[in-house]
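S.K.: Okay, sequence plus prediction incoming.
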Amino acid sequence: MQESWRWFGPKDPVTIDDVRQTGARGIVTALHHIAPGAVWSPEEIARRQREVAGPAGTPTDLTWSVVESLPVSEDIKRQSGAWREHVAAWVQSLHHIAAAGIEVVCYNFMPVLDWTRTDLDWAVPGGATCMRFDLVDFAAFDLHVLERPGAEYAEDVTEAAARRAAAMTDADRVALTRNVVFGLPGAAEEMSLTDVRAHLDLYRDLGEERLRRNLIDFLEMVAPEAERLGLRLCCHPDDPPFPLLGLPRIMSTEADYASVLEAVDVPANGVTLCSGSLGARADNDLPGMMARLGDRVHFLHLRNVRRDSDARPCSFYESGHLDGDVDMVALLAAIRAEEGSRRAAGRADHSIPFRPDHGLHMVDDRRRQGQPGYPLVGRHVGLAELRGAIAGLDFAYA
């Protein structure tokens, strides 16, 4: 397993020197300043590679090993506007990425929301904080703040949301809105509720089957070219893995992935197996998914969650890497078994890149005020825990 670390570029409060000290050697990053639908130029890619290499080219032993993410525009997802031009730009970017020696490209096909939480700084026992999705808070936002027409929830959730909304101050509503829209494109510019409604309205008549068809159409255009270039594409699951705000979700379960992998059956069309996103559903068997889909898993996000219930949808929070509802040790065992099968088959990609995904904000993480979910200390602790579990498995099965 290849240890990697997500880095958001020179403005990331976690510096490249900080990353070196974690022991991870692969950098997972993207050109976040380039808008979806635009081409990643060779010059911009080379500049990011130099930034990974350290100030003034000082050797760091770090390499840009995974692109996360090459964004898929909303036009592509809806097959509207300039979507064909955006696909052509995406393919051109793949050419430039391959020429730079990077082989793995992660992306997602989530409409509007890249991820959704209601609390970005929720306290857990011991004093650390994490990100949380609270279903009642989310329903209160949807029903009483956004006031989305046609919004429906289970009766008990609706009643609880009404009580919670009635108790909210104006400041509470602003804070909840800010948290929910943090995963929206342009959220850094303080997207208004009117903006959110406009985004949702563009998907009003686009259902699950149409969105899946659009994903397959996209992959039919890009995956064969990625295969020719020696690239591995891997789709990130929905986060959380159930419908929100009336938007369709199509990459939430093993069946979702299996249908898309079968429809575009080339090795380059693969999976980002995110144990935290998929783990927010009790019916997702993560070790089983790794065993059954493993030959097409090109990238791993390893994190854990605690669900408040096994219902769907449900509330959950992001727990320690070995302390949650995902059986992380069993998942790691399935990953190591897949890697063994790849080595036996002579596959060059027998060592799968992974990163410790998210983490508890602890110790001096608050001082850095970095990207929610991406603390230095919390992720380093998670990486150390994963290393220990992997070492134990390797010793037990040696």
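M.R.: Right, received. Where do you want to start? Everything numeric here is computed off the predicted structure, so don't read it as measured data.

S.K.: isn't V28 right up against E68?
M.R.: Yes. Counting by Cβ atoms under 8 Å, V28 does reach E68; the two are 4.8 Å apart. Quick note: C-beta positions are derived from backbone N, CA and C, even for glycine.

S.K.: so is Y203 in a helix, a strand, or just coil?
M.R.: coil (DSSP: H, G, I helix; E, B strand; the rest coil).

S.K.: now swap in R355 and tell me
M.R.: strand.

S.K.: Let me see the confidence value for G183.
M.R.: The model reports G183 with a pLDDT of 73.

S.K.: From R25, how far off is it?
M.R.: Counting by Cβ to Cβ, to the nearest Å, the gap from G183 to R25 is 29 Å.

S.K.: Next: R164.
M.R.: Plainly put, R164 is 46 Å away from R25 if you go by Cβ to Cβ.

S.K.: repeat for D310
M.R.: For D310, the distance to R25 - Cβ to Cβ - is 38 Å.

S.K.: what packs against the lowest-mean-pLDDT helix or strand in the chain?
M.R.: Lowest mean confidence among the helices and strands of the chain (mean pLDDT, DSSP states H and E): helix 365-368, at a mean of 87. Contacts defined by 3 or more Cβ pairs under 8 Å, 6 or more residues apart in numbering; DSSP states H and E place helix 365-368 against helix 376-396.

S.K.: residues making contact with the helix it packs on?
M.R.: 1, 3, 5, 13-14, 18, 22-24, 128, 302-303, 320-322, 328-329, 332-333, 336, 354, 356-365, 368, 370 (Cβ atoms under 8 Å, 6 or more residues apart in numbering).

S.K.: Return the subset of those lying in helices.
M.R.: Mapping these onto helices (DSSP state H) picks out D18, T22, M328, V329, L332, A333, R336, D365, R368.

S.K.: Find the nearest non-adjacent residue to the first one, please.
M.R.: Excluding the flanking residues, the one nearest D18 by Cβ to Cβ, 6 or more residues apart in numbering is L376, at 5.6 Å.

S.K.: Send me stretch 91-109 as CSV with only the CA atoms.
M.R.: The C-alpha atoms that make up stretch 91-109 are tabulated as CSV, following Å, rounded to 0.1, in the frame of the first residue of the first chain:
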residue,chain,number,x,y,z
VAL,A,91,-9.4,14.5,-22.1
GLN,A,92,-6.8,17.1,-23.0
SER,A,93,-6.0,17.5,-19.3
LEU,A,94,-5.6,13.7,-19.1
HIS,A,95,-2.9,13.9,-21.9
HIS,A,96,-1.0,16.5,-19.9
ILE,A,97,-1.3,14.6,-16.6
ALA,A,98,-0.1,11.4,-18.3
ALA,A,99,2.9,13.3,-19.9
ALA,A,100,3.8,14.5,-16.4
GLY,A,101,4.1,10.9,-15.2
ILE,A,102,1.0,10.9,-12.9
GLU,A,103,-1.1,7.7,-13.3
VAL,A,104,-4.1,8.0,-11.0
VAL,A,105,-7.0,10.5,-11.4
CYS,A,106,-9.8,10.7,-8.9
TYR,A,107,-13.1,12.5,-9.7
ASN,A,108,-16.7,12.5,-8.6
PHE,A,109,-20.1,12.7,-10.2
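
S.K.: Could you list the buried residues of it?
M.R.: Residues of stretch 91-109 classed as buried: 93-98, 100, 102-109 (neighbour count, 16 or more other Cβ atoms under 10 Å).

S.K.: Done for today, thanks.
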